[in-house]
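Undergrad: Quick one, structure for this:
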Amino acid sequence: MADLFKIVKYEGDNSTFIWRSGVEDFNTGTQLIVHESQEAIFFMNGQALDLFGPGRHTLETQNIPLIRKFLSKPTNDQTPFHCQVYFINKAEQMSIKWGTDSQVQYMEPTYKFPLKIGASGEMSLRVEDSRKLLVKLLGTEKSLDKTGLTQMFRVFLMAKVKPYLAQTMQSSEFGIFEVDSHMGELSTNLHKQLIPDFADYGLSLERFFVTTIVKPDGDKAYESFQDIHIRQYADVANAQLRQQVGIIDQQTSAQKMVIESAAMAQKRAQEGYTYQSERAYDVAEKVAQNEGTGNFSSAGIGLGMMGGIAGGMGAMVAGITNDAVAPVDLKSPASTTVPAGSDDMTIFKQKLEKLKLMKDAGMLSDEEFDEEKKKLLNSL
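TA: Numbering: from 1, shown residues only. The predicted structure is shown next:
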């Protein structure tokens, strides 16, 4: 009789989904060791029979009911029996790469033009139903690791991922030119659609990531719409920039005016005059410049106003007013200096204009202006 193995345990690595033990002859005293995150399944005559979870198990007829009917009763269950033990690694397997083998065509939702793209990324899987995975995928193979599983699922992934990708991109609220900033949203949508497909094989799709979108660089239609898209946002950005620069320029001008006004006010305070005095000087200067040629009495008005600034505003106003409303003596020697063609009306207009300038400068109120105007009219 062949030697009977007493201990059966897992001898594969962490990247393996399914591993078949080389021990195939047992008796009912054999020890089965199953590690954490593992399950063991007895396989006999093409059938998946009893399943064991983590722990150390002594194989007896009481804990292997499905195998018990195959044991030899005449020898009190002590005769050896022949079956296979598969260990299933239920830990999450990370960094399983995937990618489309060709480009997928869809209608770009933003600009409504046909577009072809490709995609790739990574996913992680975990065995959810050991029996289903073993029966559907393994067959007579001794083991199944990440590479083998990826090869088995390559066609399956292409048949599922490509239409899901096209449908998701076409119905999304973002276009091809914004997809890079929506990778998380795209990954989540594809993940939800693929979960039931993997569950049919006893696998749980724990994570699914789209890390790269292959765009049709060099395609004329794509590059044309890309240029339109970039110009659209560039024009908006330029308009916003110009607006901001305009606001800054206005703020700068306002601040400059405030600074100049403060400096001028400080200068007036240091030199001992006010804004009103400065305005009166301007008015006096205009009056002096507006005198009739040879009219010494009128010329004296302007000089009196300028002198009045230094000697006091009251005296200046009084002098100007008296001179402005003084009666016109056409027979006096001074009147001989009136230019040829001048008459009473011309002199009246000149003096009235001076009164208006004094009013505009704030030197006369409206009532005072009306009173002096009345006196001037009475003097005609």
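
Undergrad: Low-confidence stretches in the protein?
TA: 1-5, 28, 60-82, 139-140, 234, 279, 281-343 (pLDDT under 70).

Undergrad: which residues in it form helices?
TA: Per DSSP state H, the chain carries helices over the ranges 65-68, 130-133, 146-152, 154-171, 183-199, 220-271, 275-289, 296-311, 313-325, 344-360, 366-378.

Undergrad: a markdown table for the ones you listed, including distance to residue 48?
TA: All C-beta spots, glycine's among them, are computed from the backbone N, C-alpha and C. Output for those, formatted as a markdown table (distance: least, Cβ to Cβ, whole Å):
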| stretch | distance to residue 48 |
| --- | --- |
| helix 65-68 | 9 |
| helix 130-133 | 5 |
| helix 146-152 | 18 |
| helix 154-171 | 22 |
| helix 183-199 | 18 |
| helix 220-271 | 51 |
| helix 275-289 | 104 |
| helix 296-311 | 116 |
| helix 313-325 | 116 |
| helix 344-360 | 110 |
| helix 366-378 | 112 |
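
Undergrad: Hmm, residue 188 and residue 168 touching each other?
TA: No: the pair residue 168 / residue 188 is not scored as a contact, 9.8 Å apart, by Cβ atoms under 8 Å.

Undergrad: which of those two has more neighbours?
TA: The neighbour comparison of residue 168 against residue 188 (other Cβ atoms under 10 Å) goes to residue 168, with 19 against 15.

Undergrad: Nearest spatial neighbour of that one, chain-adjacent residues omitted?
TA: residue 189 (4.8 Å; Cβ to Cβ, 6 or more residues apart in numbering).

Undergrad: how much space is there between that neighbour and residue 112?
TA: 21 Å (Cβ to Cβ, to the nearest Å).

Undergrad: do residue 188 as well
TA: Using Cβ to Cβ, residue 188 is found at 25 Å from residue 112.

Undergrad: if we can go back for a sec, any idea which of the helices of the chain gets closest to residue 50?
TA: Residue 50 sits nearest to helix 65-68 of all the helices of the chain, at 5.0 Å, using Cβ to Cβ.

Undergrad: Restricting to C-alpha, output stretch 155-163 in CSV.
TA: Coordinates of each C-alpha in stretch 155-163 appear next as CSV, following Å, rounded to 0.1, in the frame of the first residue of the first chain:
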residue,chain,number,x,y,z
VAL,A,155,-11.9,38.9,-24.3
PHE,A,156,-14.6,39.2,-21.6
LEU,A,157,-13.3,42.6,-20.5
MET,A,158,-13.2,43.9,-24.1
ALA,A,159,-16.7,42.7,-24.7
LYS,A,160,-17.9,44.6,-21.6
VAL,A,161,-15.7,47.6,-21.1
LYS,A,162,-15.8,49.0,-24.7
PRO,A,163,-19.6,49.4,-25.0
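
Undergrad: Give me the contacts around it.
TA: 98, 100, 101, 102, 104, 119, 190, 193, 194, 197 (Cβ atoms under 8 Å, 6 or more residues apart in numbering).

Undergrad: hang on, the earlier thing: settle it for me: which of residue 189 and residue 112 has more neighbours?
TA: Comparing residue 189 with residue 112 by other Cβ under 10 Å, the one with more neighbours is residue 189, at 20 against 9.

Undergrad: Measure how the longest strand along the chain sits relative to helix 220-271, angle-wise.
TA: In the chain, assigned by DSSP state E, the strand with the most residues is strand 114-127. Counting by axes from the mean of the first three to the mean of the last three Cα atoms, to 10 degrees, strand 114-127 lies at 90 degrees to helix 220-271.

Undergrad: Which positions in strand 114-127 come out as buried?
TA: Using 16 or more other Cβ atoms under 10 Å as the test for burial, strand 114-127 gives 115, 117, 118, 119, 121, 122, 123, 125, 126, 127.

Undergrad: Point out the other helices and strands that that strand packs with.
TA: strand 93-99, strand 104-107, helix 154-171, strand 203-214, helix 220-271 (3 or more Cβ pairs under 8 Å, 6 or more residues apart in numbering; DSSP states H and E).
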